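Participant: only geometry, no sequence info:
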């Protein structure tokens with residue numbers, strides 16, 4: 001089995017911090033040459049790097065995941081993220097984190113995903129929303145399998161007559177905003193995935209010294225595994241090795257479809273879990 005030595009793992013962790021867990025085709029090819037291994041073995045070898053970004057103050061159970069897109073031939077790390085003093089339903093699972101990372105970075109599909117531990121039912125349902133769910137390969141340390149084998153007789157978008165899929169959805173047309181927002185936040189809103197509620201939403205977290213982080217709303221046919229834009233953005237922050245407490249956050253902006261306020265409570269609850277004295281800016285978008 002391919003394994004990186006401790007020095008290599010530390011170097012890869014620092015590299016991953018700079019890109020929020022993104023590895024390009026060229027970088028993966030170089031790493032394959034270093035280990036003289038297959039792509040499958042390389043993705044599994046990257047799992048300790050992914051798990052090193054876990055923030056699990058409640059469970060103390062660190063999980064890592066690596067999503068791979070065969071079209072762009074790129075890999076995206078993910079790790080579980082827990083929030084102290086808030087409902088456990090607000091946690092971000094490692095599989096969600098990796099898929100969200102790929103989605104935010106323009107992946108075309110998730111072809112297969114490597115995970116440090118077997119995915120829970122929640123994550124299996126979340127992955128069932130993907131455009132590749134019927135052929136998605138799941139690689140565990142001692143087992144390679146398919147999502148269809150782990151989630152038989154599944155309930156998904158087709159049961160709700162939804163022709164869209166996560167990573168293969170329509171771009172949202174916007175008519176106007178209640179206040180000015182950055183062009184990048186607008187783009188993330190347009191790429192949000194909310195086929196059931198139509199509550200398209202996105203978040204922008206501006207820091208003083210570490211740049212800007214974004215998140216989008218990703219709905220699920222079963223509703224409960226949906227990922228809020230705030231969770232999405234904070235997962236990216238975690239993959240940079242940061243938390244709200246140490247990132248010098250200066251502004252948080254939430255934009256969502258006009259007539260919806262249900263993402264505000266989640267945003268405020270997550271920020272409160274960090275004891276962050278940050279008053280989010282709320283913007284509404286009128287759909288075209």
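Facilitator: Ah, there it is. Values in this document were obtained by computation on a predicted structure and should not be read as measured data.
Participant: And the helices in this structure?
Facilitator: 6-19, 25-35, 39-45, 47-51, 94-104, 121-127, 147-150, 183-190, 229-239, 262-273 (DSSP state H).
Participant: Out of the ones you listed, which gets the lowest mean score?
Facilitator: Ranked by mean pLDDT, those end with helix 262-273 at the bottom, a mean of 82.
Participant: That one packs against which elements?
Facilitator: helix 229-239, strand 249-257 (3 or more C-beta pairs under 8 Å, 6 or more residues apart in numbering; DSSP states H and E). C-beta here means a position set from N, CA and C on the backbone, and glycine is covered the same way.
Participant: Swap in 6 Å and give it another go.
Facilitator: Judged by 3 or more C-beta pairs under 6 Å, 6 or more residues apart in numbering; DSSP states H and E, helix 262-273 is in contact with helix 229-239.
Participant: Distance from the chain centre to stretch 81-98, please.
Facilitator: The chain centre lies 11 Å from the centre of stretch 81-98; the measure is C-alpha atoms, centre = their mean, to the nearest Å.
Participant: First-to-last residue distance for it?
Facilitator: 12 Å (C-alpha to C-alpha, to the nearest Å).
Participant: Please apply the same query to stretch 250-269.
Facilitator: Across stretch 250-269, the terminal residues are separated by 18 Å (C-alpha to C-alpha).
Participant: residues of that stretch that come out buried?
Facilitator: Using 16 or more other C-beta atoms under 10 Å as the test for burial, stretch 250-269 gives 252, 253, 254, 255, 256, 257, 260, 263, 266, 267, 268, 269.
Participant: Adding distance to residue 85, write those out as JSON lines.
Facilitator: Shown next, in JSON lines, are the buried residues of stretch 250-269 (distance: C-beta to C-beta, whole Å):
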{"residue": "252", "distance to residue 85": "19"}
{"residue": "253", "distance to residue 85": "24"}
{"residue": "254", "distance to residue 85": "21"}
{"residue": "255", "distance to residue 85": "27"}
{"residue": "256", "distance to residue 85": "25"}
{"residue": "257", "distance to residue 85": "29"}
{"residue": "260", "distance to residue 85": "26"}
{"residue": "263", "distance to residue 85": "20"}
{"residue": "266", "distance to residue 85": "15"}
{"residue": "267", "distance to residue 85": "16"}
{"residue": "268", "distance to residue 85": "13"}
{"residue": "269", "distance to residue 85": "10"}
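Participant: What is the nearest of these to residue 118?
Facilitator: When the buried residues of stretch 250-269 are ranked by distance to residue 118 (C-beta to C-beta), residue 266 comes first, at 27.6 Å.
Participant: Let's check: the centremost residue of this structure is which one?
Facilitator: Taking C-alpha atoms, centre = their mean, the centroid of the chain lies closest to residue 100, which sits 2.3 Å from it.
Participant: Over to the residue lying closest to residue 89 once chain neighbours are set aside: give its phi and psi.
Facilitator: Beyond its immediate neighbours in the sequence, the residue positioned closest to residue 89 (C-beta to C-beta, 6 or more residues apart in numbering) is residue 224, lying 7.5 Å away. Here is the backbone geometry of residue 224 (degrees, to the nearest 10): phi -60, psi -40.
Participant: circling back: export the helices of the chain to JSON lines and tack on distance to residue 140?
Facilitator: What follows is the helices of the chain, written out as JSON lines (distance: least, C-beta to C-beta, whole Å):
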{"stretch": "helix 6-19", "distance to residue 140": "20"}
{"stretch": "helix 25-35", "distance to residue 140": "19"}
{"stretch": "helix 39-45", "distance to residue 140": "9"}
{"stretch": "helix 47-51", "distance to residue 140": "10"}
{"stretch": "helix 94-104", "distance to residue 140": "12"}
{"stretch": "helix 121-127", "distance to residue 140": "12"}
{"stretch": "helix 147-150", "distance to residue 140": "10"}
{"stretch": "helix 183-190", "distance to residue 140": "32"}
{"stretch": "helix 229-239", "distance to residue 140": "21"}
{"stretch": "helix 262-273", "distance to residue 140": "30"}
